[in-house]
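**Q** coords please:
(chains A, B, C and D)
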Number of protein chains: 4
Amino acid sequence: MQPSQSDLARLLRIDGDIRVDFIESPALHGNALGDLSLRPVVTYLPPGYDASGSRRYAVLYCLHGYTGDAAALVAARPWETNVFQWADRLIADRTMPPVLVTVVDGFTRLGGSQYVNSIHNGDYATYTVRDVVGHVDSNYRTIPNEGGRAVFGKSSGGFGSLHLAMTEPGTFSAMASHSGDAYFTYAHPPSFPSVHRTLEKHGWDIGSFVAHFESRPKREPQEYQTIEMLGYAAAYSPRSASAFDVQLPVERKTGRLDEDVFARWRAYDPAEVCLSKRTELERLRLRYLDCGRRDEYGLDIGARVLAERIRDFGLSVHHEEFDDDHRNVGYRYAVSLPLLANVLEKE
Amino acid sequence: MQPSQSDLARLLRIDGDIRVDFIESPALHGNALGDLSLRPVVTYLPPGYDASGSRRYAVLYCLHGYTGDAAALVAARPWETNVFQWADRLIADRTMPPVLVTVVDGFTRLGGSQYVNSIHNGDYATYTVRDVVGHVDSNYRTIPNEGGRAVFGKSSGGFGSLHLAMTEPGTFSAMASHSGDAYFTYAHPPSFPSVHRTLEKHGWDIGSFVAHFESRPKREPQEYQTIEMLGYAAAYSPRSASAFDVQLPVERKTGRLDEDVFARWRAYDPAEVCLSKRTELERLRLRYLDCGRRDEYGLDIGARVLAERIRDFGLSVHHEEFDDDHRNVGYRYAVSLPLLANVLEKE
Amino acid sequence: MQPSQSDLARLLRIDGDIRVDFIESPALHGNALGDLSLRPVVTYLPPGYDASGSRRYAVLYCLHGYTGDAAALVAARPWETNVFQWADRLIADRTMPPVLVTVVDGFTRLGGSQYVNSIHNGDYATYTVRDVVGHVDSNYRTIPNEGGRAVFGKSSGGFGSLHLAMTEPGTFSAMASHSGDAYFTYAHPPSFPSVHRTLEKHGWDIGSFVAHFESRPKREPQEYQTIEMLGYAAAYSPRSASAFDVQLPVERKTGRLDEDVFARWRAYDPAEVCLSKRTELERLRLRYLDCGRRDEYGLDIGARVLAERIRDFGLSVHHEEFDDDHRNVGYRYAVSLPLLANVLEKE
Amino acid sequence: MQPSQSDLARLLRIDGDIRVDFIESPALHGNALGDLSLRPVVTYLPPGYDASGSRRYAVLYCLHGYTGDAAALVAARPWETNVFQWADRLIADRTMPPVLVTVVDGFTRLGGSQYVNSIHNGDYATYTVRDVVGHVDSNYRTIPNEGGRAVFGKSSGGFGSLHLAMTEPGTFSAMASHSGDAYFTYAHPPSFPSVHRTLEKHGWDIGSFVAHFESRPKREPQEYQTIEMLGYAAAYSPRSASAFDVQLPVERKTGRLDEDVFARWRAYDPAEVCLSKRTELERLRLRYLDCGRRDEYGLDIGARVLAERIRDFGLSVHHEEFDDDHRNVGYRYAVSLPLLANVLEKE
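**A** Just a heads-up that it's a prediction; the model follows:
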């Protein structure tokens, strides 16, 4: 440990360092949920990084998953290796060149923004590619262009990576999605009965349900499922900029699928979106997908559909499957981070 | 116990009696799976039933669920009450008039026939309404017409009851579905990833998978899910009369939903079928639906959709929800059997 | 199927036959729980058995487990093979000689008798070795002596087999325990907190708890744990012949272990009992023990302790471990039944 | 947020501040496991704390549980409230006076030290009461005596609090144990079969098992159980100062309980230890115990035994039970922290 290191770096016992900045994001200002527009941007700096030196570094932007946030993602857990610890280790053993890793905070009161622009939640895509990336380029010695940036993440962070790579071209030149949300046909409807039962209990007053959820020390699994679907509704099918005014893909009386609302969700499904994003996908130097073959949400199927459709464009895709489920697959960073870092520009 | 009672009746410690007949069913002859066409028909006879007397009785036909068969349904389990024990008790305390209860055996090598006619499995609907009902009417003192017959069951047995009531009009005049399969949109796709993963392991050789399944003393949950979906495919989307030649609603390469095949399944979904069966539904004296509000397959939503659509025809429906899941809801017979027995004709 | 076969045999689709007798057991008369002393004795007869012939057969006595009874044990379940079906198959393929298999009914209102004599439950050991064995020898063409009889079972049925082999010498000459209760130190205390919490809720009124248990269509896991421990208390540590007057091994105020009462239980622990039963064990032609190495009750450890202690006497023991847990290990009969049948006397 | 706050405090969005110091502990020097003797000491400072002012504060020492460490305990988790956030909130709403809260890091390579002195692990009790407390008193404006200090924690942290309160008198004047390890008779033996099976697979080479455990991205539940029991063995029954040279309470050949080794464990069981610690317990201003009445380890029974024995000394005890299990009971700090803070000395 070096005395000059930050507390976080020392608690993680890494060789590099960690910076926590707080930025005020115009894109999130005045959002319906009352989430703060002042957000942490947490950045890993590799050993040798010198703020006053001349060397510049590529940046890997990490998007956390649903129910996560930046602070949780970078916290240490005994016997586990987090994303900064992986980067530090992979740089130390020269598996990958030194890079910066910046964690974007995309949490909302409903558990996560999916990194999309929403009239309800705020514009999390814009916040990411403009406010966060802008801050990092302005304050660190980065290679401040597309060729020096990648985006990656797990689960909803994998979704966000796909979403930003396809809808915000020019920001990132490489992308990795670990167990990322895709093929909503399998992923989401299994939770809809829980939404129906839970909200019916609360008289379809979403605000009342959320207040209940937030006030309880412990919650039932179906309550977690419900707030998760509310989070997606706020991202994919908001109705207005009033708090909790979102469209749910379940018909209120019976609970059956509301096909019209679900079509709004599917308009964000990477497995669908990709069909019209050949140009944006071609622009990427690396298209990385992986998923455990026992994924509880069937996201392995989603990754297969995506991989097939990308290949149908005549584009290459790095697609891996492994024998695991959806949880705790951070060890996959050992595969993706070097691939990402090595395709980016170096000085 | 009376010395004249059958072994089964004495083991169940009921007042009535039980007859096990074996019938040769032309409808099942030569089926692709090699399932026997010689089938047990197990009938409860109430106390006082006299084969040589003049009194005639209504008959409640009971359809077992998927993975069940007639023998399992009528077996005794400590601390549990089976359908014959319920009938015996409800008749003893005069909650319902004495009736016969006949259990239909609809098991197949793939776990169940869904009581539908299939070019692959054999014609289980015809077998039920013609061969089984015919046998009972010929051999017991029944009221041998529509007004003297009801059909009911749980899970796939509830599905079968709905299916036969809607597609074989004139056989039964009352119907009860407990947690019956309905609204396939929620019920089945959650199992499709398991089907894809499991069959891929077996090189898409269904016969090989089934042989593996049958030879193992214990099976994995995903193997159960897979054979279940194969069972439904054999019922709803058979391709030919060759063994295991069925269409699966999962695309082989990626595992995504095959919409065309799933449309074949949905053509059997009671929540869809009902839309064109106003006449058949109107003909019934009782339309009974119930489901636990924590049903793991979302069948409570299916029951709601069905109930709403039946009511939209201007028809009444007895629809109940209760606080339970899909398993071991046999105590609901205490509600349905008297309702059924009381609307049927009596002598 | 032969027309002369019993219903049960035909439902099981076996070549042999099944007889259900009911015997009035003096040993169970007037028991505190009010359990019937009229009990079923269910016997498998191999193909070729001729009641009027001259051939005599050895008999394997099967003891069911806790929560089981004779009727449940012999019931058919799709995709499963029960003990009669195993015997029928093993005899058909000549893996073992034709034998009779008799299932003893040891169920009580508290879930099971453990086949021990109890001032509370009645004398289930005596009932088994005198009333049931006596009935079978009197009514079937058996080899009516120790050399023609074996006893076996799973779980509590394995316990019962050990118990009877060690405490009722002269009845059976071979014994097999599958996942049998042994080494109570591990097996039972994990359930004691549940007993304490559950009975405290019921004001320590055991009768009230049992009535509650019996009246509910579904019960909580801790309620099952509680009635199970009550069942063992009624067998191992009864206080009197008044209903529910049993000693529990949990101290009422805090729930801690009552060492004195638990010592009464341990006096029945086969792993302890065996230490003083060298003579009885030596008398056996076969001492068979097996257990899954993932047994949830640690009974694999119990089997190891037993095996070691029997070997310490200089006696052989057939001891196997396999990769499975406590549930559905009926496929182990394929190993034990031939071993048992082959050591018994043959005509 | 104040610009002067530490990163950690800002990420937790608290009003107070957080200091992370690293201390070199002589008590941990040269331990067998190779765990670092340089340890983080993480301290919450309430709003208004002034290092150069004259006010002094009481300190609540927080001990984390098994598999935890200081860094993990103080990390933020969305929708959850950690111990610093609870303290900050309770001080803000004046439920308790401003105090310092210091988290002690007691992690070892085997998952936790139990805060006891061990010839194998190092002297974690001494480390806590001398090295950590000494550091805090030397570097912060504390009330540097027994009357100004309390100790508390959950699970193994509750155990540690009891252990230190009873064996290191004079350091703390109040103690709170949430779901703390007590009554080992119930808590630990249920894991012993797993230890036996797992270590047998590794040829009883503990070092090999630990290396395996550490190298795997994911582990099986029985592997977690095994390392946990190894952790306790290293704390309660070490054999020497050589790595992994510990005594296990399971006999190697059969897996049965090794009573002699388990007696060494029980010598640390608070429910036993308390019997000889009347003087030390009397010295405390607050003896707080709570536990969920569905605790998976039966620690509610342990708390009851402890409470009864303390009361038998004529001493008061604050003992609560609540309807929950062992996990995520941090909301109980809302009860304990004010009680602790209010009994301590104030300036």
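**Q** contacts and neighbour counts: CA atoms only from here.
**A** OK.
**Q** quick one: residues contacting residue A:196.
**A** Applying CA atoms under 8 Å, 6 or more residues apart in numbering or on different chains, we find residue A:196 in contact with A:250, A:252, A:255.
**Q** show me which of these neighbour chain B.
**A** When CA under 8 Å from any CA of the partner chain is applied, the members of the contacts of residue A:196 adjacent to chain B are residue A:255.
**Q** can I get the contacts of residue A:196 in JSON lines with secondary structure and neighbour count?
**A** Shown next, in JSON lines, are the contacts of residue A:196 (DSSP: H, G, I helix; E, B strand; the rest coil; neighbours: other CA atoms under 10 Å in any protein chain shown):
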{"residue": "A:250", "secondary structure": "strand", "neighbour count": "20"}
{"residue": "A:252", "secondary structure": "coil", "neighbour count": "16"}
{"residue": "A:255", "secondary structure": "coil", "neighbour count": "22"}
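**Q** all strands for chain A, in order.
**A** A:17-24, A:38-45, A:59-63, A:100-104, A:117-118, A:122-123, A:149-154, A:174-178, A:286-292, A:318-322 (DSSP state E).
**Q** now find how far off-centre the first one is within its chain.
**A** The reference is to strand A:17-24. Mean-position distance between strand A:17-24 and its chain equals 18 Å (CA atoms, centre = their mean, to the nearest Å).
**Q** can you put the strands of chain A in TSV and add mean neighbour count?
**A** Converted to TSV, the strands of chain A look like this (neighbours: other CA atoms under 10 Å in any protein chain shown):
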stretch	mean neighbour count
strand A:17-24	20
strand A:38-45	22
strand A:59-63	28
strand A:100-104	27
strand A:117-118	21
strand A:122-123	25
strand A:149-154	28
strand A:174-178	29
strand A:286-292	25
strand A:318-322	15
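**Q** got CSV for these, with mean pLDDT and distance to chain D too?
**A** Compiled in CSV, the strands of chain A are given as follows (pLDDT from 0 to 100; distance: least, CA to the nearest CA, whole Å):
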stretch, mean pLDDT, distance to chain D
strand A:17-24, 98, 6
strand A:38-45, 98, 7
strand A:59-63, 98, 15
strand A:100-104, 98, 13
strand A:117-118, 98, 21
strand A:122-123, 98, 19
strand A:149-154, 98, 16
strand A:174-178, 98, 15
strand A:286-292, 98, 13
strand A:318-322, 98, 13
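**Q** so can I have a markdown table of these showing distance to residue C:222?
**A** As requested, the strands of chain A are exported to a markdown table (distance: least, CA to CA, whole Å):
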| stretch | distance to residue C:222 |
| --- | --- |
| strand A:17-24 | 48 |
| strand A:38-45 | 46 |
| strand A:59-63 | 42 |
| strand A:100-104 | 45 |
| strand A:117-118 | 47 |
| strand A:122-123 | 48 |
| strand A:149-154 | 38 |
| strand A:174-178 | 40 |
| strand A:286-292 | 35 |
| strand A:318-322 | 38 |
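**Q** who wins for proximity to residue B:87 among these?
**A** Closest to residue B:87 of the strands of chain A is strand A:286-292 (CA to CA; 49.0 Å).
**Q** so what does that closest one touch, helix or strand wise?
**A** Contacts defined by 3 or more CA pairs under 8 Å, 6 or more residues apart in numbering or on different chains; DSSP states H and E place strand A:286-292 against strand A:174-178, helix A:299-312, strand A:318-322, helix A:333-343.
**Q** those: which one's closest to residue A:282?
**A** Ranking these by proximity to residue A:282 (CA to CA) places helix A:299-312 first, at 9.0 Å.
**Q** list the buried ones in that closest one?
**A** A:299-310 (16 or more other CA atoms under 10 Å in any protein chain shown).
**Q** which stretches of the stretch 101-250 of chain A form helices?
**A** With DSSP state H, counting those that start in this stretch as the criterion, the stretch 101-250 of chain A has helices at A:124-126, A:133-139, A:156-167, A:184-187, A:192-201, A:206-215, A:221-236.
**Q** of those, which stretch is the most buried?
**A** helix A:156-167 (a mean of 26; mean count of other CA atoms under 10 Å in any protein chain shown).
**Q** quick one: it to strand A:149-154, angle?
**A** 140 degrees (axes from the mean of the first three to the mean of the last three CA atoms, to 10 degrees).
**Q** is chain D contacted by helix A:156-167?
**A** No. Residues of helix A:156-167 are not located near chain D by CA under 8 Å from any CA, the shortest gap being 15.2 Å.
**Q** show me what that helix is packed against.
**A** strand A:59-63, strand A:149-154, strand A:174-178, helix A:270-273, helix A:278-282.
**Q** circling back to that earlier point, of all the strands of chain A, which one is nearest residue D:38?
**A** Checking those against residue D:38 by CA to CA gives strand A:17-24 as the closest, at 18.6 Å.
**Q** pull the residues that contact the closest one.
**A** By CA under 8 Å, 6+ apart, strand A:17-24 touches A:5-6, A:8-9, A:37-47, A:131-132, A:135, D:7.
**Q** 7 Å instead?
**A** With contact meaning CA atoms under 7 Å, 6 or more residues apart in numbering or on different chains, strand A:17-24 is reached by A:5-6, A:8-9, A:37-46, D:7.
**Q** and for the closest residue to chain C within the stretch 151-300 of chain A, the neighbour number?
**A** Nearest residue of the stretch 151-300 of chain A to chain C, counting by CA to the nearest CA: residue A:220, 17.4 Å away. The local packing of residue A:220 (other CA atoms under 10 Å in any protein chain shown) involves 10 other residues.
**Q** my read: residue A:186 touches residue A:300, true?
**A** No. In this structure, residue A:186 is not within contact of residue A:300 by CA atoms under 7 Å, at 10.3 Å.
**Q** re earlier: need the helices of the stretch 101-250 of chain A in CSV (columns: mean pLDDT).
**A** Output for those, formatted as CSV (pLDDT from 0 to 100):
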stretch, mean pLDDT
helix A:124-126, 98
helix A:133-139, 98
helix A:156-167, 98
helix A:184-187, 98
helix A:192-201, 98
helix A:206-215, 97
helix A:221-236, 98
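**Q** which one, of those helices, ends up nearest to residue A:32?
**A** Comparing the helices of the stretch 101-250 of chain A under CA to CA, the one sitting nearest is helix A:221-236, at 9.8 Å.
**Q** that closest one packs against which elements?
**A** Helix A:221-236 sits against helix A:192-201, with contacts defined as 3 or more CA pairs under 7 Å, 6 or more residues apart in numbering or on different chains; DSSP states H and E.
**Q** then the helix it packs on to PDB, C-alphas only?
**A** In PDB, the C-alpha atoms belonging to helix A:192-201 read as follows (Å, rounded to 0.1, in the frame of the first residue of the first chain):
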ATOM      1  CA  PHE A 192     -45.700 -10.400 -14.800                       C
ATOM      2  CA  PRO A 193     -48.000 -12.500 -12.600                       C
ATOM      3  CA  SER A 194     -46.100 -11.300  -9.500                       C
ATOM      4  CA  VAL A 195     -46.500  -7.700 -10.600                       C
ATOM      5  CA  HIS A 196     -50.200  -8.200 -11.000                       C
ATOM      6  CA  ARG A 197     -50.700  -9.900  -7.700                       C
ATOM      7  CA  THR A 198     -48.600  -7.400  -5.800                       C
ATOM      8  CA  LEU A 199     -50.000  -4.200  -7.300                       C
ATOM      9  CA  GLU A 200     -53.500  -5.500  -6.900                       C
ATOM     10  CA  LYS A 201     -52.800  -5.800  -3.200                       C
END
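**Q** ok, the residue nearest the centre of chain A to chain D distance?
**A** The centre of chain A sits closest to residue A:157, judged by CA atoms, centre = their mean, with a distance of 2.0 Å. Here residue A:157 is placed at a distance of 16 Å from chain D (CA to the nearest CA, to the nearest Å).
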